[in-house]
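**Student:** With the input below, show me the fold.
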Amino acid sequence: MRVAANQLKSVTRSTDTSHVRHPTVTSEAPASSPTRRPLWAGSGASTNRMATASLVLSVLWLGGVGSMAAIVCGHWAHHQIGERWQRGAGRATLGIRLGWLGIMATGVVAVLMVTTPEQLAHELHQVERVVRRIF
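**Tutor:** Just a heads-up that it's a prediction; the model follows:
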C-alpha cells in the first residue's frame, strides 16, 4: 500500500474534519511499476533453490538420510519463500511429504530386515484378527 508524501502532509489535526484531505491508499503498484503483474504471470520471481533441493533429496532417499534432509530443507524453504516472495512452495511441500514417505519406507525396510518370515507371518495374522474384530 502506497501513500503519496504530499498527501500525508496535507492532513491536519483539527476538530473540524470537513477540510481534511485523507491520504489515498492504493493496494496496487503504479502502472509504470514492473511489480504490477502477478507472480503466476511470469513476473521474474525466482524459484527457491532450497525447495528444489528438498524435492531432489526426497526422491533420492539415500536410505532415509535424504528423506530427513528433504524435510528440513522443505521447512527451511517455506520460511525463505515467505520472507523473499519466491516461488517453489509446491516443490517444498512435495519434498516434505515425500520425505515423510521415505522415512516410513525406511521403517518398513528396517522391520523387514530384522524379522524372520515366520515372525512376519505371525504378526500379519495378529493384525488380520484385530481388523476382523473391528469390522
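**Student:** Could you list every helix and strand that the longest helix seen in the chain packs against?
**Tutor:** If you go by DSSP state H, the chain has its longest helix at helix 89-114. If you count contacts as 3 or more C-beta pairs under 8 Å, 6 or more residues apart in numbering; DSSP states H and E, helix 89-114 packs onto helix 49-60, helix 65-84. C-beta: built from backbone N, CA, C; applies to glycine.
**Student:** Provide a list of residues in contact with residue 112.
**Tutor:** Contacts for residue 112 (C-beta atoms under 8 Å, 6 or more residues apart in numbering) come out as residue 120.
**Student:** likewise residue 66?
**Tutor:** Contact analysis of residue 66 by C-beta under 8 Å, 6+ apart lists 57-60, 99, 102.
**Student:** and with 7 Å instead?
**Tutor:** 57-58, 60, 102 (C-beta atoms under 7 Å, 6 or more residues apart in numbering).
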